[in-house]
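Q: give me coordinates for this.
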Amino acid sequence: MDNQTDYENPHSRRFWSFVGYIALGILGILLGAAVLYGLCYFFLTSEAADEPQEEVVNNEEQVPQPGSVQSETQVTLADIVEQVMPAVVGVQRHMEVTRFGEQLFEEMESGSGVVISPDGYIVTNQHVIENAEKITVVVPDKGYYEVEVIGADALTDLALLKIEEEEMIHIPLGDSDQVRVGAPVAAIGNPLGYFQQTVTSGIVSAVGRQVRISNSNYAHTYLQIDALVNPGNSGGPLINMAGEVIGINTAKVSLAGVEGIGLSVPSNTVKRVIDDLMDYGRVNRPHMGVIIDDWLDYSGNEPQRGVQIIEIVQGSPAEKAGLAAGDIIVQIDGEDIPYLAILFDRLLDYYPGDTIRITYYREGSSDYTTLVLEERPDQITMEPAEELPEEESEVEESPEIEGETETEQSETE
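A: Numbering: from 1, shown residues only. Modelled structure (predicted):
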């Protein structure tokens, strides 16, 4: 038995040694495969991860954000013009004449206008329809219409007309307070009455440009543009790249050697005026009861800019509020009033009966008061505007524009 046992043990040891070698070999192969797989996975996935990240960055750079210059330039001026052109109309002023014993209406002058609502409301300049005995408008692809004059306002040179039509293509009024200098714009109108729906383009050259209009003793701010504005363009829209009306083209400065100075009534002024014309048939202006003028002080003392009260009208809201001649108004309800046109614009935000807070300087010290605005009495007469030299007042397609911020004519408000 012992010999048999001794004979079997060597074989048993060899067998298990052989199995062990095989197991170690298989384990080595598995470990090598695992290491190789890990290395391949590491390098391949890191390269794959890098490529999508670069694509994401590139995609983010290529997708323009809302309001960016890149997103705005995707819409071309041609796209905007094509969209709004059908809402720009011709406005014709007729006078009654007698020829060979027959009463006829003869076209005397023409301008432009813009449809602002689907039910046929049209905005134009007041001077385009002034003294007209008959007014017609020419709507593209629709023909001639007689119009109803809803109202007109000489102080802002705006008028509101109405034709009997429905579902008209129209252009919304934008927010002119958001207009930036350098913004691209297009002016559309009918220059000379013959070149219908002419488009000129340019940029906004300035905002808040003060302009005084003769025989009104009023000043308002205008948008200054370098887009060409010719006779017949008056009343046409100034369009931004969103396809909105941001102004009504009113005038151009036509001095010898001067080019590219057009003036447009801001759309926010237009909104207030047409709202009043619809509700009251006139602009329901509040007044303070003062004669005022621009104030400038280069000495460094405060205030350096403002509106000085030259005279207080007896019994006026200003007198009741304790204001006096010589006071310099610098703010209304916390907003700066650096010159006349800003004050007149600011008052258009209010109605008779509203209370405003006025900050002013008196003898070098600042103070404030509250003033209750009243409706402007018809019996308050304006002194005629002081005429400036001809070379300073020569402006086409508008009442005579007399200049800008620092003139020496006093105003009544």
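
Q: against residue 169, how distant is residue 162?
A: 16 Å (CB to CB, to the nearest Å). Quick note: C-beta positions are derived from backbone N, CA and C, even for glycine.

Q: so where's the stretch 251-400 of the chain uncertain?
A: Scanning the stretch 251-400 of the chain for pLDDT under 70 picks out 254-258, 378-400.

Q: show me the helices in it, by range?
A: For the stretch 251-400 of the chain, the helices defined by DSSP state H, counting those that start in this stretch occupy 267-280, 317-320, 340-347, 390-393.

Q: which among these is found nearest to residue 220?
A: Proximity to residue 220 (CB to CB) singles out helix 340-347 among the helices of the stretch 251-400 of the chain, at 5.3 Å.

Q: what's that closest one in contact with?
A: For helix 340-347, contacts defined as CB atoms under 8 Å, 6 or more residues apart in numbering pick out 208, 210-212, 218-221, 269, 285-288, 292-294, 307, 329, 332, 335-337, 373, 405, 411, 413.

Q: filter the residues you listed down to the buried ones and express that as a ChimeraX selection.
A: Buried subset of the contacts of helix 340-347, written as a ChimeraX selection, criterion 16 or more other CB atoms under 10 Å:
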select :208,210,211,212,218,219,220,221,269,285,286,287,288,292,294,307,329,332,337,373,405,411,413
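
Q: what's the closest non-adjacent residue to residue 335?
A: In space, and not counting its chain neighbours, residue 335 is closest to residue 346: 6.4 Å by CB to CB, 6 or more residues apart in numbering.

Q: what's the neighbour count on that neighbour?
A: Using other CB atoms under 10 Å, residue 346 is surrounded by 16 other residues.

Q: and it, how close does it get to residue 201?
A: 31 Å.

Q: what do you get for residue 246?
A: Distance from residue 246 to residue 201, counting by CB to CB: 14 Å.

Q: between those two, which is the more surrounded one?
A: Between residue 246 and residue 201, counting by other CB under 10 Å, residue 246 is the more crowded of the two (26 against 17).

Q: residues in contact with that one?
A: Residue 246 is in contact with 174, 175, 176, 179, 185, 223, 238, 239, 240, 264, 266, 267, counting by CB under 8 Å, 6+ apart.

Q: what ranges does the stretch 301-413 of the chain have for its strands?
A: In chain order, the stretch 301-413 of the chain shows strands spanning 305-312, 328-332, 335-336, 355-362, 365-372, 374-375, 395-396, 411-412, with DSSP state E, counting those that start in this stretch as the criterion.

Q: can you list the ones you listed in JSON lines and add distance to residue 281?
A: Listed next are the strands of the stretch 301-413 of the chain as JSON lines, based on distance: least, CB to CB, whole Å:
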{"stretch": "strand 305-312", "distance to residue 281": "30"}
{"stretch": "strand 328-332", "distance to residue 281": "27"}
{"stretch": "strand 335-336", "distance to residue 281": "30"}
{"stretch": "strand 355-362", "distance to residue 281": "25"}
{"stretch": "strand 365-372", "distance to residue 281": "25"}
{"stretch": "strand 374-375", "distance to residue 281": "14"}
{"stretch": "strand 395-396", "distance to residue 281": "29"}
{"stretch": "strand 411-412", "distance to residue 281": "23"}
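
Q: looking at these, which is nearest to residue 150?
A: Proximity to residue 150, assessed across the strands of the stretch 301-413 of the chain by CB to CB, is greatest for strand 374-375 (20.4 Å).

Q: so which elements touch the closest one?
A: Helices and strands touching strand 374-375, as assessed by 3 or more CB pairs under 8 Å, 6 or more residues apart in numbering; DSSP states H and E, comprise strand 286-287.

Q: confirm residue 128 sits in a strand?
A: No - per DSSP: H, G, I helix; E, B strand; the rest coil, residue 128 lies outside any strand segment and is helix.

Q: where does the stretch 51-200 of the chain have low pLDDT?
A: Counting by pLDDT under 70, the stretch 51-200 of the chain has low-confidence residues at 51-73, 97-108, 193-194.

Q: quick one: the strands in it?
A: With DSSP E, counting those that start in this stretch as the criterion, the stretch 51-200 of the chain has strands at 88-99, 102-115, 121-124, 134-139, 143-146, 148-153, 158-162, 184-189, 198-213.

Q: so what strands line up beside the fourth one?
A: To tie it back to what came earlier, the one meant is strand 134-139. According to DSSP bridges, strand 134-139 forms sheet pairs with strand 88-99 (antiparallel), strand 143-146 (antiparallel).

Q: need the contact partners of it.
A: 89-96, 105, 113, 115, 122, 129, 144-147, 149, 161, 163, 165, 168, 196.

Q: so which bits of that strand are buried?
A: Those would be 135, 136, 137, 138, 139, for strand 134-139 by 16+ other CB under 10 Å.

Q: could you tell me the angle between that strand and strand 148-153?
A: Strand 134-139 and strand 148-153 are oriented at 100 degrees to each other (axes from the mean of the first three to the mean of the last three CA atoms, to 10 degrees).

Q: what does the first one give?
A: When the same axes, to 10 degrees is applied, the directions of strand 88-99 and strand 148-153 differ by 100 degrees.

Q: got the CA positions of strand 88-99 in CSV?
A: Coordinates of each C-alpha in strand 88-99 appear next as CSV, following Å, rounded to 0.1, in the frame of the first residue of the first chain:
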residue,chain,number,x,y,z
VAL,A,88,-47.0,104.8,-46.2
VAL,A,89,-49.5,107.0,-48.0
GLY,A,90,-49.6,110.2,-50.0
VAL,A,91,-51.5,113.2,-48.5
GLN,A,92,-52.9,115.8,-50.9
ARG,A,93,-54.1,119.2,-50.0
HIS,A,94,-56.7,120.8,-52.3
MET,A,95,-58.1,124.3,-52.6
GLU,A,96,-61.2,125.4,-54.3
VAL,A,97,-60.6,127.5,-57.4
THR,A,98,-62.9,129.0,-60.1
ARG,A,99,-62.1,128.3,-63.7
